[in-house]
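got a predicted structure plus its sequence, pasted below:
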Amino acid sequence: MKNQSGDEQSSFEKRAQELLRDSADQLDGATRSRLTQARHAALAQLGSSSGHRWLQVALPGGAVAAAAVVGLILWNGMGPQAGGSNAMEDLELLADAEGYDLSQEPDLDFIEWAAAMGDTKAGT
Amino acid sequence: MPACQVLPFPLLIPAAKAEFPAGRRPFMAESTAHALNSFLADVERRAFRMARMALRHDADALDAVQDAMLQLARRYADRPAAEWRPLFYRILENRIRDLQRRRAVRGRVLAWMPWVRDEDDATPDPVQLAPDPSPGPVAQLEGEQIGVALQAAIGMLPARQREAFLLRNLEGLDVAATAAAMGCSEGSVKTHYSRALQHLREQLGEFRP
């Protein structure tokens, strides 16, 4: 073999080549066995790769569809809301432990009147 | 399970044939499978040596070679057999770099978390960290230390120099094939090879007969 400048190999290169190739030939049995197993596993891919081709097409498409659905849900949830925010306010009021307790209000007639006025205004 | 393409050529490699699930037929021609098997059997030991010198770790080297085999079979088996060698070594080198990067990142992270033990590196095994100890017959005759020192010195080269030197001297590729495997120009190969040779000579001196 000629070296990079087109000259014959130097003795250094020849010797290095011999040593390296000998070392590759002298691998222990366990390593050789692992390499053989790896080769057989790679060859087994030859028969199975076509079976997964539909996955290679379907998976990206499915991911895009799933992202679109999630985006649609989020977009709807962040849009203008008619009654949703009121429901949240109600929940906050109910959960507020320091809120006004209507059951302890003695003037129930006033409360009923205020509620009736509220309904009347809402109806108009 | 989708039906696979059925060709009139059965795959006759016993070990590989045993891997196919029931009802699945191999689609690759017998000649291609045999050719790929022969190719991989031819390169696997040298590929392991290359990976071992770069990674200095047996298990990582085996992983790198296995991944390169799998990728070649999965993606490039239908390419002309003449292209397999440079493709295989390019895949292998990429895998080696991935493992080296992963190891470096893991080292940086673990440096910030000294209380976390890395299972792979928690107890450094001096045998694993040492240069590959198995010399060839020539090294045994001339002294085992020469082969060990050579492999250790190659392992210390910059990646591109190591790659050029091993592809030329261990795999026996010419400059053009080495350039194809490395994904660079022939001029770059010559430069990397020349620098590698210079470094190794400086470290090892001329081998004495």
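All right, it came through fine. Quick caveat, the model's predicted, so the values are computed rather than measured.

separation between B:Gln71 and B:Leu166?
Using CB to CB, to the nearest Å, one gets 19 Å for the distance from B:Gln71 to B:Leu166. In this view, the C-beta of every residue, glycine as well, is placed from N, C-alpha and C.

comparing these two, which shows the higher neighbour count?
When B:Gln71 and B:Leu166 are compared for neighbours, B:Leu166 comes out ahead with 26 against 18, by other CB atoms under 10 Å in any protein chain shown.

closest residue of chain A to chain B?
Going by CB to the nearest CB, chain B is nearest to A:Asp22 of chain A, at 2.0 Å.

that residue in helix, strand or coil?
Classification of A:Asp22 using DSSP: H, G, I helix; E, B strand; the rest coil returns helix.

one more: B:Glu93?
Assigned with three-state DSSP, B:Glu93 falls in the helix class.

quick check: pLDDT value at residue 73.
Going with chain A. As predicted, A:Ile73 sits at a pLDDT of 65.

my question was about chain B, not that one.
94.

so which residues make contact with the helix or strand harbouring it?
According to DSSP states H and E, B:Ala73 maps onto helix B:58-76. The contact list for helix B:58-76, computed with CB atoms under 8 Å, 6 or more residues apart in numbering or on different chains, reads A:31, A:34-35, A:38-39, A:41-43, A:45-46, A:49, B:36, B:40, B:44, B:47-48, B:51-52, B:54-55, B:83-84, B:87-89, B:91-92, B:95-96, B:99, B:103, B:128.

any idea how far chain A is from the nearest residue to B:Ala81 once chain neighbours are set aside?
Of all residues not flanking B:Ala81 in the chain, B:Ala35 sits nearest, at 5.2 Å (CB to CB, 6 or more residues apart in numbering or on different chains). Distance, B:Ala35 to chain A, using CB to the nearest CB, to the nearest Å: 11 Å.

in chain A, where is pLDDT below threshold?
A:1-8, A:47-64, A:70-112, A:119-124 (pLDDT under 70).

how is it divided into domains?
For chain A, the structural domains run A:1-48, A:86-124, going by automatic domain parsing.

quick check: buried residues in the host helix or strand of B:Leu197?
Taking DSSP H and E as the definition, one finds B:Leu197 inside helix B:186-204. Within helix B:186-204, the residues scored as buried using 16 or more other CB atoms under 10 Å in any protein chain shown are B:186, B:189-197, B:199-201, B:204.

likewise for stretch B:70-77?
For stretch B:70-77, by 16+ other CB under 10 Å, it's B:70-73, B:77.

now distance to B:Ala181 too, for these, in CSV please.
Below are these laid out as CSV (distance: CB to CB, whole Å):
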residue, distance to B:Ala181
B:Leu70, 18
B:Gln71, 14
B:Leu72, 12
B:Ala73, 18
B:Ala77, 18
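
which one of the residues you listed is nearest B:Leu170?
Nearest to B:Leu170 among these, counting by CB to CB, is B:Leu72 at 18.3 Å.

so the closest one versus B:Glu30, what's the distance?
Taken as CB to CB, the span from B:Leu72 to B:Glu30 is 18 Å.

what's the answer for A:Arg34, then?
For A:Arg34 relative to B:Glu30 (CB to CB), the value is 26 Å.

higher neighbour count, the two?
Shown here are A:Arg34 and B:Glu30; by other CB under 10 Å, A:Arg34 has more neighbours (21 against 15).

residue contacts, the more buried one?
By CB under 8 Å, 6+ apart, the neighbours of A:Arg34 are B:Leu62.

and it, what helix or strand is that in?
Element membership for A:Arg34 (DSSP H and E) is helix A:29-48.

how big is the angle separating that helix from helix B:58-76?
Helix A:29-48 runs at 20 degrees relative to helix B:58-76, counting by axes from the mean of the first three to the mean of the last three CA atoms, to 10 degrees.

how about helix A:29-48: buried residues?
Buried positions in helix A:29-48, judged by neighbour count with 16+ other CB under 10 Å: A:31, A:34-35, A:38-48.

then stretch B:92-101?
B:92-93, B:95-96, B:99.

and that stretch with chain A, contact?
No - using CB under 8 Å from any CB of the partner chain, stretch B:92-101 never reaches chain A; the gap is at least 12.0 Å.

C-alpha coordinates for that stretch, CSV please?
In CSV, the C-alpha atoms belonging to stretch B:92-101 read as follows (Å, rounded to 0.1, in the frame of the first residue of the first chain):
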residue,chain,number,x,y,z
LEU,B,92,-19.5,3.7,13.3
GLU,B,93,-17.6,6.9,13.8
ASN,B,94,-20.7,8.9,14.3
ARG,B,95,-21.8,6.4,16.9
ILE,B,96,-18.4,6.6,18.6
ARG,B,97,-18.7,10.4,18.8
ASP,B,98,-22.2,10.1,20.2
LEU,B,99,-20.9,7.9,23.0
GLN,B,100,-18.0,10.2,23.7
ARG,B,101,-20.2,13.2,23.9
